[in-house]
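> No sequence on hand, only this structure:
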């Protein structure tokens, strides 16, 4: 039996495992994928100052530290159920059942699909799948592609595909419907992109973005946005074009684009075809929290964090005793934030397991999470700080409610209320 089981070997899980082992805990890390690293594996981008962030290299560094500490990492191991009995967590996998008093969920994020006519054709994939094929497996998803969905993730991966010698014909919006109205509204998409305009390779685009900081200029900008798009890395980014259909008989052969109004409505008669042999759908990311739903941990829907997020505090503790979270399960952010959260979670676990002298170190780790967030080069949600404030408020409200219950309710009933 280990002291700690971590589900997920991405940047949060690996960083947590390393820190916990350094604190003297025995650690078991489980992951269903064939390699550790999670979404970190596919990342490759240039940071301010010209330094490159290479996810494969960062993963290698974490792996080396984990190996030096003798961490037990079980890959290709899918978790099917989680139960708690007599103060111990029982984690059921397709191989065996593992037990530990502490459990950290670092399950990361999943991609949201966007339904478009033709999306079941061979050659249609998520933008994250194209990233893994290209950056991890060194296999081109195709020769010429179109990305549907204009957001931070699609922009970053389009750059990576371009660097790999893959022709990205366009990044365009999806056709608006009831499900994807936020991602198909040109004005809303432009507003979200303004928060990451510093990533643009063109000084002209960066300067132009600075001009559109008030509502009037934003409206003017989207009204006169070029129908052919603005090129970034040589790729047309189209905020006034939407993909209304993916074409092909046996596989992807192209897409049908149509001009859209400033509020996302298709302009009749504006349809045109672009040839392509693959299509990437970029609907954004959401916290992958199905497993923690088995634990009785409360959830809150926070748009600024990407969806339903388990209740937790800054020390990465949840209301369920012995249960912790770190990484994108707590909200969609970059790998550096996930790594810093993993360290904070591990220090919380070690302290709560009886390790002494960690209070000051834990406070510093929590502060470092905030600092890393503030300095993040890529922010998937521009109002993430507001999302974190909301989560802290929910935590304080929960604690206040528990204090009111404690003097009146017997322990057994209080335990039941914790899972509500």
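Perfect, thanks for sending it. Please read these numbers as outputs of a predicted model, since none were measured by experiment.
> Phi, psi for residue 288 please.
For residue 288, the backbone dihedrals (degrees, to the nearest 10) come out as phi -90, psi 100.
> middle-most residue in this structure, spatially?
Central residue of the chain (Cα atoms, centre = their mean): residue 332, 4.0 Å from the mean position.
> Show the pLDDT at the spatially closest residue to that one that is not a sequence neighbour.
Excluding the flanking residues, the one nearest residue 332 by Cβ to Cβ, 6 or more residues apart in numbering is residue 306, at 3.7 Å. C-beta coordinates here come from the backbone N, C-alpha and C atoms, glycine included. In this model, residue 306 is scored at 93, pLDDT.
> What of residue 231?
According to the prediction, residue 231 has pLDDT 76.
> any idea how far residue 385 lies from residue 391?
Per Cβ to Cβ, to the nearest Å, residue 385 is found 11 Å from residue 391.
> re earlier: in this structure the residue nearest to the centre of the chain contacts residue 383, no?
No. Judged on Cβ atoms under 8 Å, residue 332 makes no contact with residue 383 at a distance of 11.8 Å.
> gap between the residue nearest to residue 267 when sequence neighbours are not counted and residue 78?
Spatially, and ignoring its direct neighbours in sequence, residue 267 is nearest to residue 259 (4.4 Å; Cβ to Cβ, 6+ apart). From residue 259 across to residue 78, the span is 45 Å (Cβ to Cβ).
> Which segments of the chain make up each domain?
If you go by automatic domain parsing, the domain ranges for the chain are 4-110+286-418, 113-283.
> Give me the number of neighbouring residues for residue 43.
24 (other Cβ atoms under 10 Å).
> And the pLDDT for the residue lying closest to it once chain neighbours are set aside?
Using Cβ to Cβ, 6+ apart and skipping the chain neighbours, the partner closest in space to residue 43 is residue 55 (3.4 Å). Looking at residue 55, its pLDDT reads 85.
> which residues touch residue 55?
Contact analysis of residue 55 by Cβ atoms under 8 Å, 6 or more residues apart in numbering lists 37, 39, 40, 41, 42, 43, 44, 135, 335.
> so where do the helices sit in this protein?
Using DSSP state H, the helices found in the chain span residues 11-22, 55-68, 127-131, 152-163, 186-194, 203-211, 215-223, 335-352, 359-375, 384-405, 411-418.
> Distance to residue 85 added to those, as JSON lines?
Conversion of the helices of the chain to JSON lines gives the following (distance: least, Cβ to Cβ, whole Å):
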{"stretch": "helix 11-22", "distance to residue 85": "23"}
{"stretch": "helix 55-68", "distance to residue 85": "29"}
{"stretch": "helix 127-131", "distance to residue 85": "36"}
{"stretch": "helix 152-163", "distance to residue 85": "40"}
{"stretch": "helix 186-194", "distance to residue 85": "45"}
{"stretch": "helix 203-211", "distance to residue 85": "55"}
{"stretch": "helix 215-223", "distance to residue 85": "55"}
{"stretch": "helix 335-352", "distance to residue 85": "19"}
{"stretch": "helix 359-375", "distance to residue 85": "29"}
{"stretch": "helix 384-405", "distance to residue 85": "23"}
{"stretch": "helix 411-418", "distance to residue 85": "13"}
